[in-house]
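1. Generate a structure from the sequence data that follows.
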Amino acid sequence: MRRLLASVFASVLCLALLAACSPSRLVLNRAADALAAPSTTQEDDLQLVREASAFQLKLSEALLQQVPGHAALAEAVASGFTQYAYAFVAFDADRLESRDAAAAQRLRQRAAKLYARAQRHALAALEQRQPGFLRQLSSDAPRLDADHVGLAYWAAAAWGARIALSTDQPDVVADLPLAARLARLAFGVAPGHGAGALASLVAHFEAARPGGSQAEAARLFDAAERYGAGRNAGVFVARAEALAGDDRAQFERLLRQALQVAAAHPDLGNQAMGERAQWLLDTIDDRY
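-> This is a model prediction of the structure:
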């Protein structure tokens, strides 16, 4: 642990020194491009990714502070914090709940903070690219460029997840319409974004909002399945948790579909969702 902390500190210090040099902007932007670029390796070890994620997130966040205008890096940082919080912190809390409710609550509080961090980075990048974006989101629909849909998606996803873990904080919950509006704005520009992930997020917001239409949410989940082309296990897990309600048969059917997709297309995202689907099935008697 000491070596890891020392490495993080050394990386941050190195970035600070680079920022003080005249040619540093070029170096920083190149480093940001490298960290923001999708990995070309097909890593299949979810635990290894978990162990490596914290260091890369800290390094990427430190670099983003030096090049705040780098939209691709901001998106990578926001997505990284959101996925880390969901897959490795909030899910740990869910699994721990039956054994140690207090510890589970502490993990959820940590997850909420990580979601807030992701939300802050994504919204700051959107605001920088389009000054007045947040003010316009509060009053009407701002313009969103197609190349900023990813930022909007991760901002809305982190925002919604934070709200879900902060039901005892009215000021946080009050932002639910804004988060949903941001997701809808992105959906209007690129409905197929994320192989159904964006459509699934919009469906979740529709199902969760007061007075929301279950029929509309189901229609959106249908669209998410089409956009995912049968390769996104998360769509089926999300639909099960958002819409199955008291229908145990539907809940189980959707989760088994998720497991089939995860087995057929075992990328890291599907692995994580497959683990959640299996856990939900293993604990189904606690829900019905």
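
2. In contact with Leu144: list those residues for me.
-> 152, 185-186, 189 (CB atoms under 8 Å, 6 or more residues apart in numbering). From N, CA and C alone the C-beta is placed, and that goes for glycine too.

3. Now it. Its backbone dihedrals?
-> Backbone geometry at Leu144, expressed as degrees, to the nearest 10, gives phi -130, psi 120.

4. can you tell me how far the closest residue to Leu185 other than its chain neighbours sits from Tyr227?
-> Closest residue to Leu185 apart from its sequence neighbours, by CB to CB, 6 or more residues apart in numbering: Leu144 at 5.3 Å. For Leu144, the distance to Tyr227 (CB to CB, to the nearest Å) stands at 18 Å.

5. Kindly report the same for Gly274.
-> Distance, Gly274 to Tyr227, using CB to CB: 19 Å.

6. Which of those two has more residues huddled nearby?
-> With neighbours defined as other CB atoms under 10 Å, Gly274 and Tyr227 compare such that Gly274 has more, 23 against 20.

7. In terms of secondary structure, what does the host helix or strand of that one contact?
-> Here Gly274 sits within helix 268-282, counting by DSSP states H and E. Applying 3 or more CB pairs under 8 Å, 6 or more residues apart in numbering; DSSP states H and E, we find helix 268-282 packed against helix 46-66, helix 91-96, helix 233-243, helix 248-264.

8. Which stretch among the ones you listed is buried most, on average?
-> helix 233-243 (a mean of 25; mean count of other CB atoms under 10 Å).

9. Show me the contact partners of that helix.
-> For helix 233-243, using CB under 8 Å, 6+ apart, the contacting residues are 196-197, 200, 203-204, 207-208, 214, 217-218, 221, 224-225, 228, 250-251, 254-255, 257-259, 261-262, 265, 269-270, 273-274, 276-277, 280.

10. Repeat the analysis, applying 6 Å as the threshold.
-> 196, 200, 204, 207, 221, 224-225, 228, 251, 254-255, 257-258, 261-262, 270, 273-274, 276-277 (CB atoms under 6 Å, 6 or more residues apart in numbering).

11. Repeat that for stretch 256-274.
-> 46, 87, 231, 233-234, 236-237, 277.

12. Which member of these is positioned nearest Leu96?
-> The closest of these to Leu96 turns out to be Ala87 (CB to CB; 14.6 Å).

13. Chain neighbours aside, what residue packs nearest to that closest one?
-> Ala272 (4.5 Å).

14. any idea how far Val261 is from the residue nearest the centre of the chain?
-> Nearest to the geometric centre of the chain sits Thr82, at 3.7 Å (CA atoms, centre = their mean). Going from Thr82 to Val261 by CB to CB gives 21 Å.

15. Ok, Ala240 next?
-> Taken as CB to CB, the span from Ala240 to Val261 is 13 Å.

16. Flag the shaky bits of the stretch 151-288 of the chain, pLDDT-wise.
-> For the stretch 151-288 of the chain, not a single residue meets the criterion pLDDT under 70.

17. Mind doing that once more with 90?
-> Within the stretch 151-288 of the chain, the segments meeting pLDDT under 90 span 209-210, 245-246, 268, 287.

18. Ok, the stretch 1-150 of the chain next?
-> Residues of the stretch 1-150 of the chain that meet the cut-off, pLDDT under 90, sit at 1-60, 62-63, 65-70, 73, 129, 138-143.
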